[in-house]
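Colleague: Got a predicted structure plus its sequence, pasted below:
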Amino acid sequence: MNIAIVGATGNVGRKLIEVLEKKNFSVSEAFLVASSKSSGKKINFLGKEHTVEDLEKFDFSKVKIAFFAAGSAVAEKWAPIAANKTIVIDNSKFFRKDSDIPLIVPEVNSKELSKFKNKNIIANANCSVIPIVVALKPLHDLYNVKRIVVSTYQSVSGAGKAGMDELLSQTKEILENKNVQSKNFTKQIAFNAIPHIDSFLENGSTKEEQKNHDEIKKILDNKINVTSTCVRIPVLVSHSISINIEFHKKPKIEEIKKVLSSSPGCIVVDEHKDGGYMTPVEAENKFETFISRLRQDSSQENSINMWIVSDNLLKGAALNAVEIAETLVENNFYGK
């Protein structure tokens, strides 16, 4: 199968290349596409050197699937054009709220995938939402989730390569007793935590927090009440999530551990001892969503707490996009 990766030179684009290689996704010919600024660059993929092509000149009729990893502005303009000729899997936020476009996490709602035929576009979910719904789906099936309170601790790679570079440069500046410059974040990110991701809304929430609310409801169940706080932390890769879950039924921790341990994409690491849990550093470059610190919430009936970590560039972005493509192939939506 011929594929295209739009935004191939960025963080997520490069991770898409990595995931496609690791999963041995069936690729006959790959076209790596980016803006005119990046066209002409050389990238190795599947043992072959590829020259990055200019998005403005690319013919999408040459491919069966086009992965978009280039942000909302590019998706808004170019995804509908590409969708006239191929299936688009878009990693940006632009199409997620569109009721005619499926928002897919394959372990959770693959049955919704056939709706892509409305516009030939499939939206990839937010990088924090994906691990949340992967962990919640088996528990929702078991006990029926009533309400969740989410706190996300998101790595700087969620703000792109510029965010990662800023953390590294600020760390160096501080250790050398130099003045710190903040360009990509509202405050110093090194040795700090910023309770603000994306712009503010009139109700005091941020757009990132609203994404959690809207996407969890769209993917999992519109009846679930959702509230969240999103924090940027000085970690390069992997998001961490603290989540309090209230069910309609009384939960049993041992049953929850058993169900999660056998659920696709989940690994439970939950030992009640020093180091008996997962951290973002350990989740980096892993495909799975890791769940730790499972315990009853004694302050609220039918409630538990848990800790989730996941590589935001993999399961939170590139891996989920490739798994959507694999699900398309498995369901033979368009032939070989």
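Modeller: Structure's in. What do you need? Residues are numbered from 1 along each chain as shown.
Colleague: now the helices for the stretch 201-336 of the chain?
Modeller: 207-219, 253-261, 280-283, 319-330 (DSSP state H, counting those that start in this stretch).
Colleague: can you pull the buried residues of the third one?
Modeller: To tie it back to what came earlier, the one meant is helix 280-283. Using 16 or more other Cβ atoms under 10 Å as the test for burial, helix 280-283 gives P280, A283. C-betas here are computed from N, CA, C, even on glycine.
Colleague: Touching that helix from outside, list them.
Modeller: Y153, S155, V235, V237, S238, H239, S240, F290, V309, S310, D311 (Cβ atoms under 8 Å, 6 or more residues apart in numbering).
Colleague: Determine how far it lies from the middle of the whole chain.
Modeller: 15 Å (Cα atoms, centre = their mean, to the nearest Å).
Colleague: What about F333, how many residues nearby?
Modeller: Under the neighbour criterion other Cβ atoms under 10 Å, F333 is assigned a count of 13.
Colleague: hmm, I was thinking of E49
Modeller: Other residues close to E49 by other Cβ under 10 Å number 8.
Colleague: would it count as being in a strand?
Modeller: Yes. Counting by DSSP: H, G, I helix; E, B strand; the rest coil, E49 is part of a strand.
Colleague: Using JSON lines, please lay out the helices of the stretch 201-336 of the chain together with distance to L113.
Modeller: JSON lines is the format used below for these (distance: least, Cβ to Cβ, whole Å):
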{"stretch": "helix 207-219", "distance to L113": "12"}
{"stretch": "helix 253-261", "distance to L113": "24"}
{"stretch": "helix 280-283", "distance to L113": "26"}
{"stretch": "helix 319-330", "distance to L113": "6"}
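Colleague: Which strands or helices does the strand or helix carrying S151 pack on?
Modeller: Taking DSSP states H and E as the definition, S151 sits inside strand 145-154. Contacts defined by 3 or more Cβ pairs under 8 Å, 6 or more residues apart in numbering; DSSP states H and E place strand 145-154 against helix 129-143, helix 207-219, strand 225-232, strand 239-247.
Colleague: As JSON lines, the ones you listed with distance to N332 and mean neighbour count would be great.
Modeller: Output for the helices and strands packed on strand 145-154, formatted as JSON lines (distance: least, Cβ to Cβ, whole Å; neighbours: other Cβ atoms under 10 Å):
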{"stretch": "helix 129-143", "distance to N332": "24", "mean neighbour count": "23"}
{"stretch": "helix 207-219", "distance to N332": "24", "mean neighbour count": "21"}
{"stretch": "strand 225-232", "distance to N332": "35", "mean neighbour count": "20"}
{"stretch": "strand 239-247", "distance to N332": "34", "mean neighbour count": "22"}
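Colleague: With respect to N109, which of the ones you listed lies nearest?
Modeller: With Cβ to Cβ as the measure, helix 207-219 is the member of these nearest N109 (5.4 Å).
Colleague: Show me what the closest one is packed up against.
Modeller: Going by 3+ Cβ pairs under 8 Å, 6+ apart, helix 207-219 lies up against strand 103-104, helix 129-143, strand 145-154, strand 225-232.
Colleague: let's see it at 7 Å
Modeller: The contact analysis (3 or more Cβ pairs under 7 Å, 6 or more residues apart in numbering; DSSP states H and E) places helix 207-219 against strand 103-104, helix 129-143, strand 225-232.
Colleague: closest one to K117 among the helices of the stretch 201-336 of the chain?
Modeller: helix 319-330 (11.1 Å).
Colleague: The closest one vs helix 129-143, what angle?
Modeller: 60 degrees (axes from the mean of the first three to the mean of the last three Cα atoms, to 10 degrees).
Colleague: average model confidence for helix 319-330?
Modeller: For helix 319-330, mean pLDDT is 96.
Colleague: Mind giving me the packing neighbours of that helix?
Modeller: Against helix 319-330 (3+ Cβ pairs under 7 Å, 6+ apart) you get helix 11-22, strand 87-90, helix 106-109, strand 121-124.
Colleague: what packs against the longest one?
Modeller: Packed against helix 11-22, as judged by 3+ Cβ pairs under 7 Å, 6+ apart, are the following elements: strand 2-6, helix 319-330.
Colleague: what about the helix or strand following that helix, distance to the chain center?
Modeller: Counting by DSSP H and E, the next helix or strand C-terminal to helix 11-22 is strand 29-34. Mean-position distance between strand 29-34 and its chain equals 22 Å (Cα atoms, centre = their mean).
Colleague: where does the stretch 1-150 of the chain dip in pLDDT?
Modeller: Scanning the stretch 1-150 of the chain for pLDDT under 70 picks out nothing.
Colleague: who's in contact with E326?
Modeller: For E326, the contact set (Cβ atoms under 7 Å, 6 or more residues apart in numbering) comprises F25.
Colleague: whoops, P102 was the one
Modeller: Counting by Cβ under 7 Å, 6+ apart, P102 has contacts E112, L113, K115, F116, I122, A123.
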